[in-house]
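*Asks:* Task: produce atomic coordinates for the following.
(chains A and B)
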Protein chains: 2
Amino acid sequence: MPVPDAPVTGAHPDQPEPPGGSQWPSRLDPEIAGRLRRTPDGLVAAVVRQHDSGEVLMMAWMDDEALHRTLTTGRATYWSRSRREYWVKGATSGHHQYVRSVALDCDGDAVLVSVDQVGAACHTGQRTCFFTELPVTGQVTP
Amino acid sequence: MPVPDAPVTGAHPDQPEPPGGSQWPSRLDPEIAGRLRRTPDGLVAAVVRQHDSGEVLMMAWMDDEALHRTLTTGRATYWSRSRREYWVKGATSGHHQYVRSVALDCDGDAVLVSVDQVGAACHTGQRTCFFTELPVTGQVTP
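*Replies:* The predicted structure follows:
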């Protein structure tokens, strides 16, 4: 699938409201963009794991342009819902994520990003963002 | 954290529009509910992995009630955005997900659900939903 250098024109019918401040239309390959099923604010979930150990490190959000930048720069790039801006992981913290592969899921609402994580993935300094255990009170076994 | 049997009253300020057809107010522990940061349609991302191998199997969506049912029944339960209803994984396919643990991430917009997956996680029959590789053209190494 060729990656166009110029912005793709035309909005997608399932994205009535792209994130304010985002680059839209994005430069994402229209073949990929056509498979995405976005949240009402135009995002897909990006699940991030360490490429060799498989450890799940974090979940962040991508709009089309963030996915385009991730695929074409090899640096994990997300859309911040709170700051309403793009952020390149590690740009300020030094905790870079070098992208090894990206896979789309069967219904187009999530990508699995396999990275080589430098240092901590979480802004709290923990290796993974998933450190708060919730109580499972209804254990069932097969 | 106690799990109330009765519905919690009062809406959360960051959830103006709970999913139509959902059980709202939900029965989710208010301490947990207070930590969630939901999409505009009231959902958090549920990342599902096989508990022992760590393999990432799928991503689905949960509203507060789906998370409550997952924690209290030990059976992974999601909210379907397309059908606008709750679904218990495996109820029709037999591909059950027995919940071993659930972890909330640092900013409350995702949970990591560790399960014992029976058979295929994906409705296509594949073990994982993330089987479509996207081209990474800008590889960078540390």
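*Asks:* C-alpha only now, for contacts and for neighbours.
*Replies:* Will do.
*Asks:* Check which helix or strand residue A:45 maps to.
*Replies:* Take DSSP states H and E as the rule and residue A:45 turns out to sit in strand A:44-50.
*Asks:* so where do the strands sit in chain A?
*Replies:* A:44-50, A:56-62, A:77-80, A:85-88, A:97-104, A:110-117, A:132-134 (DSSP state E).
*Asks:* partners of the shortest one, with directions?
*Replies:* Partner strands and pairing direction for strand A:132-134 (DSSP bridges) are strand B:97-104 (antiparallel).
*Asks:* Pull the residues that contact the partner strand.
*Replies:* Outside of strand B:97-104, the residues within contact range by Cα atoms under 8 Å, 6 or more residues apart in numbering or on different chains are A:130-136, A:139-142, B:51, B:70-71, B:74-76, B:89-90, B:110-118.
*Asks:* Next, the angle strand B:44-50 makes with it.
*Replies:* Interaxial angle, strand B:97-104 versus strand B:44-50 (axes from the mean of the first three to the mean of the last three Cα atoms, to 10 degrees): 130 degrees.
*Asks:* Dump strand B:97-104 to PDB, restricted to CA.
*Replies:* The C-alpha atoms that make up strand B:97-104 are tabulated as PDB, following Å, rounded to 0.1, in the frame of the first residue of the first chain:
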ATOM      1  CA  GLN B  97     -12.800 -16.100  28.700                       C
ATOM      2  CA  TYR B  98     -12.300 -17.000  32.300                       C
ATOM      3  CA  VAL B  99     -11.000 -13.900  34.100                       C
ATOM      4  CA  ARG B 100      -7.800 -14.300  36.200                       C
ATOM      5  CA  SER B 101      -7.100 -10.600  36.900                       C
ATOM      6  CA  VAL B 102      -7.900  -7.100  35.800                       C
ATOM      7  CA  ALA B 103      -5.700  -4.000  36.100                       C
ATOM      8  CA  LEU B 104      -6.600  -0.400  35.500                       C
END
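*Asks:* Mind checking which residue lies nearest the centre of chain A?
*Replies:* When Cα atoms, centre = their mean is applied to chain A, the residue found nearest the centroid is residue A:46 (3.2 Å).
*Asks:* how far does the top helix by length along chain A sit from the chain's center?
*Replies:* Under DSSP state H, the helix in chain A containing the largest number of residues is helix A:64-73. Chain-centre distance of helix A:64-73: 9 Å, with Cα atoms, centre = their mean, to the nearest Å.
*Asks:* and what of stretch A:72-79?
*Replies:* Centre-to-centre, stretch A:72-79 and its host chain are 8 Å apart (Cα atoms, centre = their mean).
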